[in-house]
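> Sequence and predicted model, in that order:
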Amino acid sequence: MSADLINVHSYSAGSWLPSMQMPDKGGRAIYNAVDGQILGFAGNNSLDIEAMHQHATDVGGAGLRAMGFHGRARALKAMATHINAHKERLYTLGYMAGATRGDSWIDVDGGIGTLFAYASKGRRELPDSTVFLDGDVEQLSRKGSFVGQHICTPKLGVGIHINAFNFPVWGMLEKLAASLLAGVPAIVKPATDTCYITEACFRLMVESDAFPEGSFQLIAGSTGNLLDLLGPQDVVSFTGSAQTALQLRSNRNLLQYSIPFIAEQDSLNASVLGPDAVNGTPEFDLFVDEVVREMTTKAGQKCTAIRRIMAPDNQVEAVKDAIADRLQSINVGDPALKETDMGPLVSAAQRNNVLAINQQIGQEADTVFDGGTLAVNGVEGAEGGFVRPTLFHCPQPDAADLVHRLEAFGPTSTLMGYQDTDHVCALLNRGGGSLVASLITHDSGFARDVVAGSAAWHGRFYINDRTSMKESTGHGSPLPHMVHGGPGRAGGGEELGGIRAVMHYMQRTAIQGSPDMLSAVGHTWIAGAKTVETDSHPFTRGFDALKLGEIFYSPSRTITLDDIEHFAHFTGDTFYAHMDEEAAKANPFFPGRVAHGYLLLSFAAGLFVQPDPGPVLANTGLSDLVFQKPVAAKDTIRVELTVRRKTRRNDDYGEVRWHVALFNQDDEAVATYTLHTMNQYQSG
Ligand code: NAP
């Protein structure tokens, strides 16, 4: 193989395996998007796919699970930091795939940002343990000796991540973030056209040494018989065309073993201009900006790009003119040049695809703009994937079929007029399911009605107007916090959406048993489980020394009418239930004047705190507060304080969650809540 050609390596069981040049040995050529020249090769039939699967299951899975959620979250952050420090090469390679620097920013920095977001969410929203508790404890028996709880644990298999060519970095990292955080190793299969960029990022991941061996492996080229080797603990997460998704999800082995198949596929995303947003309003300009940006960013090769543009009938002409005017000034050319707005498609083959689909769309729509006069700048006699933006107008959108069905994966979009809210909902829904629909309107009533009539057909609804436009993230940007995926035509899958994505790689199991059993299984003390009383006050002992279920019984205190009046005047809370016997009695909830709930909380703190300086650094919050029974003057209260859960935060301190229960003189529960404190590890 010529030294100048890129040889994309696979990474299998800790070793790099080069690709072959010959097609009969598994090699596939990769082309430069700009000049169409051969760039290199990917694929090698001698890759031992079965050994990769085994390695991931036996070595990777065990190593990952041993780290717990927080260990894996920290590793994600370390890996993201390393990639971020060495990302420049990914930008350089991006030019060969046709991506401008701005295009690659979405891919590279978007991917790194997703890792950081999951690293942070993992530490904040997942427990410092190996088991995720899903929901509250369910009482399944009268006396509470038999209870239930749903838990999620990592699947014991492998995540197979098959990605599309258009996001060689983000596509890999957004899937890995969820899979690795869950504790499930991955085998990554990038699309061949851009796998050299994925490989370069993958090398940085390996170099970062953040995750144990076997956590991720890479297949350049064909996956061979991988899908036939999978078992019930594996998960397939696919991004690509509807056609490939259908072929892969029909695999007999996947069907036979009920192997989850998460599909993110193409869709006919639409953007709607509200009836209020007429020419001359900020929303009209915003709409045109969003449409032009979505048509030209990555040369329209975004799964979320706007393929259908919907405007009120009386605005269609103005929208046509405004978009065509803006497209006229798009600078198409060499993606490496600063002044270029739009580079080529990934390959000549992709360009031919887009042109063929444009021809079909042209059967139902008129061409408004085809970029015929636009020059390709900075490239001599280009053989690559250059196409110019094309805007169609479909005059009969109800009678049309192809414009709602065919995705030209390039800078092509079709404008159509609508009459009213019902009509625009019907047109939106003709896409058969999409990743995202957007609505540019300042009329919240219109937004409410369109969402009610159409949200069920879309994975995300993006509403933008003059209020949010400065800070909004764009129609086409999937965010780690929000669900990415859509029903029907869009594949029916879901990715991202915060911790929801992690759950795709975990098994939910309903656990039933005694409170002691469930406390042990879930690493969290639950009410009814055994408690232990120690000689010293728990506030005097460090985080490390505290045990789950350790309890402190406070002395008791009798509430007086003076206490209630003093608190009322001191705080200004002179609500009648505390001050007016007759009015309080008339209230169905109170026997007469009662103590303030906040007074009870304050007295509770006074009853359980140990006041000296010690390992408890701060009270950081209180949650799940419930007042169960009113407390009147002459009632006596006492507190039980139990260590419920512990979460390490950094090398110096961790968070302790305490179950706090207040009882009256008859041992009736009057209030419960969870107290959060930050505690030093060592007592001294
Ligand atoms: P594609 O042709 O469907 O390929 C997708 C992936 O499937 C590639 O990695 C491809 O590998 C692999 N693949 C194909 N046949 C396979 C087989 N028999 N076994 C295992 N893997 C196989 O899609 P693409 O051209 O890369 O991407 C463009 C499409 O993706 C567009 O339609 C776009 O809308 C969609 N997309 C959707 C999203 C989303 O999030 N919903 C995001 C990006 C793109 P090879 O490259 O080696 O064939």
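Sure thing, it's come through.
> okay, CA-based contacts and neighbour counts for the rest of this
Fine.
> Mind jotting down where the helices sit in the stretch 501-650 of the chain?
Along the stretch 501-650 of the chain, the segments classed as helices by DSSP state H, counting those that start in this stretch run 515-522, 561-571, 576-579, 581-586, 597-608.
> Would you mind giving these as CSV with mean pLDDT added?
Converted to CSV, the helices of the stretch 501-650 of the chain look like this (pLDDT from 0 to 100):
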stretch, mean pLDDT
helix 515-522, 96
helix 561-571, 97
helix 576-579, 97
helix 581-586, 96
helix 597-608, 97
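> of those, which approaches the ligand most closely?
With CA to the nearest ligand atom as the criterion, the ligand lies closest to helix 515-522 of the helices of the stretch 501-650 of the chain, at 34.3 Å.
> Buried residues in that closest one, which are they?
Using 16 or more other CA atoms under 10 Å as the test for burial, helix 515-522 gives Pro515, Asp516, Met517, Leu518, Ser519, Gly522.
> tally of neighbours for Ala671?
Ala671 has 22 neighbours, counted by other CA atoms under 10 Å.
> and what of Arg89?
Residue neighbour count, defined by other CA under 10 Å, stands at 11 for Arg89.
> doesn't Tyr681 make contact with Asp652?
Yes. Distance between Asp652 and Tyr681: 6.1 Å, which falls inside the contact criterion (CA atoms under 8 Å).
> Between these two, point out the one with more neighbours.
It is Tyr681, of Asp652 and Tyr681, that has more neighbours when counted by other CA under 10 Å, with 21 against 11.
> Against Leu548, how distant is the more buried one?
Going from Tyr681 to Leu548 by CA to CA, to the nearest Å gives 15 Å.
> Same check on Glu533?
As judged by CA to CA, Glu533 and Leu548 stand 11 Å apart.
> Settle it for me: which of those two has more neighbours?
Neighbours were counted for Glu533 and for Leu548 using other CA under 10 Å; Leu548 has more, 23 against 13.
> Report the spatially nearest residue to that one, omitting neighbours in sequence.
Counting by CA to CA, 6 or more residues apart in numbering, Leu548 lies nearest to Val643, which is 5.1 Å off, once chain neighbours are set aside.
> and that neighbour, how many neighbours?
Counted with other CA under 10 Å, the neighbours of Val643 add up to 25.
> residues touching it, list them.
Under the criterion of CA atoms under 8 Å, 6 or more residues apart in numbering, the contact list for Val643 reads Trp525, Leu546, Lys547, Leu548, Gly549, Glu550, Ile551, Val656, Arg657, Trp658, His659.
> In strands, which of those residues appear?
When these are checked against strands using DSSP state E, the ones located there are Glu550, Ile551, Val656, Arg657, Trp658, His659.
> Just list the residues touching the closest residue to the second one other than its chain neighbours, thanks.
Taking CA to CA, 6+ apart as the measure, Ile551 lies nearest to Thr642, with 4.3 Å between them; neighbours along the chain are not counted. In this structure, Thr642 makes contact with Thr531, Leu548, Gly549, Glu550, Ile551, Phe552, Trp658, His659, Val660, judged by CA under 8 Å, 6+ apart.
> Who does the last one form a beta bridge with?
Under DSSP bridges, the beta-bridge partners of Val660 are Leu641, Tyr673.
> List the single closest residue to Ile309 in space, sequence neighbours excluded.
In space, and not counting its chain neighbours, Ile309 is closest to Leu415: 4.4 Å by CA to CA, 6+ apart.
> Pull up the gap between that neighbour and the ligand, please.
From Leu415 over to the ligand the distance is 19 Å, taken as CA to the nearest ligand atom, to the nearest Å.
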